[in-house]
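A.B. asks: model this:
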Amino acid sequence: MFTKSQLHLASIFIKIYYRDRQSLAFSLMFPLIFTGIFLFSGGEPDPTDIGLANQSQNELSIQFVELIKEKDIFAVTEGEEVELKKQLIAGDLTALIIVPENFNQSDTGRLRLLLDASQVRQVGAIKDSLDSMLLSIERELRDTQPLFTLDIEDVKARPQRYIDFLLPGILAYMLMNLCIAGSGYNLVEYRRRGILKRLFVTPIQPKDFIISIVLARMLIVMIQLSVILGLAVGLLNINIIGGLYSLFGVIILGAFIFLCIGFFLGSLAKTQEAIRPIALLFTLPQLILSGIFFPISSLPALIQPIAQALPLSVIASSMRDIANDGISLLTINFNLIGILSWMIISFFIATKFFDWQKVAS
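C.D. replies: A predicted model of the protein is given here:
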């Protein structure tokens, strides 16, 4: 499958990497730091800090206040309107709810919700929660039942946390960064150190050089991501539904794609200063559009087809389907077609634009 020269050259690249003690130390420390961040943060959003001024203090208003306190999405601070408004203006509170004096069974009045709508993303969620609580109180007072009820049955019979959704996307993003740094940045570094100039006079072909670095960096990336995945499962209790063979299969295919793209970017850049902005121009938009932190379906409809076709999107979606839904790597779907397509495209542009004369100059 691989020639003897390709395997020999790959072993040399691995030795070069592990002789760089600074890079090796960073590679070992980064997975620990990454896992520690999610270990202490828990990966769950914090409750919204809201103030609550109850100007009525009757049985109905007290019941309403208790219902708000029971909501996990709120961290309630009670007090007087004047003091709470100062905290709101100072930024210590996200919103302020004022229960009017005429809040009673015969005349409930109108609740006041104070906030800066231009700064608060949770306006809709806060208002929906308040509307739901007001409706519950009204039904209880009038002793009426809702016309329709909704019974939820979890056919998956498993918990789904935000960290379970987040981890596959973060792994895919790290895979992209590690691979581009391992091919594009290394290509520029080998050029600076004269390694490419020496290889240029040998019988080695561009595809042999590319395949050798792909093999070497793929092994290194597999070790790095395995450390992160092991720590995530052991410390964060991440639930991997699908098979590890399928998950690591996606990692291998994704590493091939991003390493080849890294070669292409490294061929475009002629100096170490140029490779950084070129790499950021490729990676940063994908961080925003590829559904790492939120589903692609939440993006504008016009952008969704473009976002779904990005290389990071198909890798992250495939890893998430395997980890969260138990789908096999060999399942024929849009993600598998996207992976195969990007493998062909990335290898073509990596070999097509790899110019020994230009790189060696």
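A.B. asks: CA atoms for contacts and neighbours, from now on please.
C.D. replies: Fine.
A.B. asks: Residue 327: how many residues sit nearby?
C.D. replies: 18 (other Cα atoms under 10 Å).
A.B. asks: Please name every helix or strand in contact with the helix or strand that contains residue 82.
C.D. replies: According to DSSP states H and E, residue 82 maps onto helix 81-90. Judged by 3 or more Cα pairs under 8 Å, 6 or more residues apart in numbering; DSSP states H and E, helix 81-90 is in contact with strand 48-54, strand 95-99.
A.B. asks: gap between the shortest one and the chain center?
C.D. replies: This points to strand 95-99. 34 Å (Cα atoms, centre = their mean, to the nearest Å).
A.B. asks: How about the contacts made by residue 171?
C.D. replies: Contacts for residue 171 (Cα atoms under 8 Å, 6 or more residues apart in numbering) come out as 225, 316.
A.B. asks: Next, it: secondary structure please.
C.D. replies: helix (DSSP: H, G, I helix; E, B strand; the rest coil).
A.B. asks: Pull up the gap between it and residue 214, please.
C.D. replies: 18 Å (Cα to Cα, to the nearest Å).
A.B. asks: cool, and residue 165?
C.D. replies: Counting by Cα to Cα - residue 165 and residue 214 are separated by 29 Å.
A.B. asks: try residue 193
C.D. replies: Residue 193 is 20 Å from residue 214, by Cα to Cα.
A.B. asks: Can you pick out the residue with more neighbours from the two?
C.D. replies: Comparing residue 193 with residue 214 by other Cα under 10 Å, the one with more neighbours is residue 214, at 24 against 11.
A.B. asks: ok but the more buried one is inside a helix, no?
C.D. replies: Yes - remark: residue 214 belongs to a helix, assigned using three-state DSSP.
A.B. asks: per-residue confidence for it?
C.D. replies: With respect to pLDDT, residue 214 scores 80.
A.B. asks: my guess is it meets residue 256, correct?
C.D. replies: Yes - Residue 214 is in contact with residue 256 according to Cα atoms under 8 Å; the separation is 6.5 Å.
A.B. asks: Could you find the closest non-adjacent residue to residue 57?
C.D. replies: Counting by Cα to Cα, 6 or more residues apart in numbering, residue 101 is the residue found nearest to residue 57 once chain neighbours are left out, at 7.9 Å.
A.B. asks: so that neighbour, which of the three states?
C.D. replies: coil.
A.B. asks: How about the contacts made by it?
C.D. replies: Counting by Cα under 8 Å, 6+ apart, residue 101 has contacts 54-57.
A.B. asks: out of these, who's nearest residue 337?
C.D. replies: residue 54 (58.1 Å; Cα to Cα).
A.B. asks: before we move on, the earlier item: which one of the contacts of residue 101 has the most neighbours?
C.D. replies: residue 54 (21 neighbours).
A.B. asks: Can you tell me how far that one is from residue 104?
C.D. replies: From residue 54 to residue 104 the distance is 12 Å (Cα to Cα).
A.B. asks: anything in contact with each of the two?
C.D. replies: residue 61.
A.B. asks: Double-check residue 115 against residue 95; I have them as touching.
C.D. replies: Yes - the criterion here is Cα under 8 Å, and residue 115 meets it with residue 95 at 4.8 Å.
A.B. asks: rewinding a little: how about the helices and strands packed on helix 81-90 in a markdown table, adding mean pLDDT?
C.D. replies: A markdown table is the format used below for those (pLDDT from 0 to 100):
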| stretch | mean pLDDT |
| --- | --- |
| strand 48-54 | 87 |
| strand 95-99 | 86 |
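A.B. asks: can I get those in a markdown table with distance to residue 281?
C.D. replies: Formatted as a markdown table, the helices and strands packed on helix 81-90 follow (distance: least, Cα to Cα, whole Å):
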| stretch | distance to residue 281 |
| --- | --- |
| strand 48-54 | 35 |
| strand 95-99 | 38 |
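A.B. asks: I'd like to know which of those lies nearest to residue 314.
C.D. replies: Set against residue 314 and scored by Cα to Cα, the helices and strands packed on helix 81-90 come closest in strand 48-54, at 33.4 Å.
A.B. asks: Next, the angle strand 48-54 makes with the next helix or strand after that closest one.
C.D. replies: The C-terminal neighbour of strand 48-54 among helices and strands, as given by DSSP H and E, is helix 59-69. Interaxial angle, helix 59-69 versus strand 48-54 (axes from the mean of the first three to the mean of the last three Cα atoms, to 10 degrees): 170 degrees.
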